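Asker: coordinates only, sequence not included:
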């Protein structure tokens with residue numbers, strides 16, 4: 001995928017050239033910020049699959065949005081917000097199913113840990129499918 005660079009640059013005394021303040025590499029899911037005052041680069045790499053899917057989807061379908069977020073220095077906030085919202089949505093849906101599913105309730109009552117964990121995993125994958133359609137591929 002692409003590497004996005006901010007239009008704003010600052011001089012790096014270490015590299016002896018001007019470098020972009022913000023970079024996004026959608027392949028490695030890494031955001032890099034060059035701190036001009038401290039003359040250091042700070043990187044944050046994301047590891048969740050839904051962030052990878054979203055970045056690759058955005059790269060191919062709406063690269064202007066990614067470019068704008070990188071230029072404005074808001075890409076980290078954007079990705080962090082998405083990561084939190086998607087995780088929360090999946091967790092909320094799983095909890096709803098755990099409270100209402102009779103098979104899960106029976107497993108809890110009978111202390112059948114294997115069945116409980118199996119159903120929880122099933123709930124997570126079912127929730128991911130729905131949440132990804134609504135939140136990740138946008």
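Answerer: All right, it came through fine. Keep in mind that what you see is a predicted model, and the values were worked out from it rather than measured.
Asker: Enumerate the positions of the longest helix anywhere in the chain that are buried.
Answerer: Longest helix in the chain, counting residues (DSSP state H): helix 75-100. Within helix 75-100, the residues that qualify as buried are 75-76, 78-79, 82-83, 86, 89-90, 93-94, 97-98, counting by 16 or more other CB atoms under 10 Å. Using the backbone N, CA and C atoms, a C-beta is placed for each residue, glycine as well.
Asker: Residue 24 bridge partners, please.
Answerer: As for beta bridges, residue 24 partners with residue 4, residue 31 under DSSP bridges.
Asker: could you list every residue that touches it?
Answerer: Contact analysis of residue 24 by CB atoms under 8 Å, 6 or more residues apart in numbering lists 3-4, 30-32, 55, 66, 69-70, 75.
Asker: With residue 66 instead?
Answerer: 4, 24, 26, 55, 58-59, 75.
Asker: Apply 6 Å and report the result again.
Answerer: 4, 58 (CB atoms under 6 Å, 6 or more residues apart in numbering).
Asker: quick one, phi/psi of the most far-flung residue of the chain relative to its centre?
Answerer: Most distant residue from the mean C-alpha position of the chain: residue 110, 37.1 Å away (CA atoms, centre = their mean). Residue 110 adopts backbone torsions of phi -90, psi 10, taken as degrees, to the nearest 10.
Asker: rewinding a little: put the buried members of the contacts of residue 24 into a PyMOL selection.
Answerer: Here is the PyMOL selection string for the buried members of the contacts of residue 24, based on 16+ other CB under 10 Å:
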select buried, resi 4+31+32+55+66+69+70+75
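Asker: Residue 133: which of the contacts of residue 24 is nearest?
Answerer: Nearest to residue 133 out of those is residue 55 (CB to CB; 16.8 Å).
Asker: Break down this structure into its helices, ranges please.
Answerer: Using DSSP H, the helices of the chain run over 49-61, 63-72, 75-100, 102-109, 113-131.
Asker: Figure out which of those is closest to residue 11.
Answerer: Nearest to residue 11, of these and by CB to CB, is helix 63-72 at 18.7 Å.
Asker: Going by neighbour count, list what's buried in the closest one.
Answerer: The neighbour-count check on helix 63-72 (16+ other CB under 10 Å) flags 66-67, 69-71 as buried.
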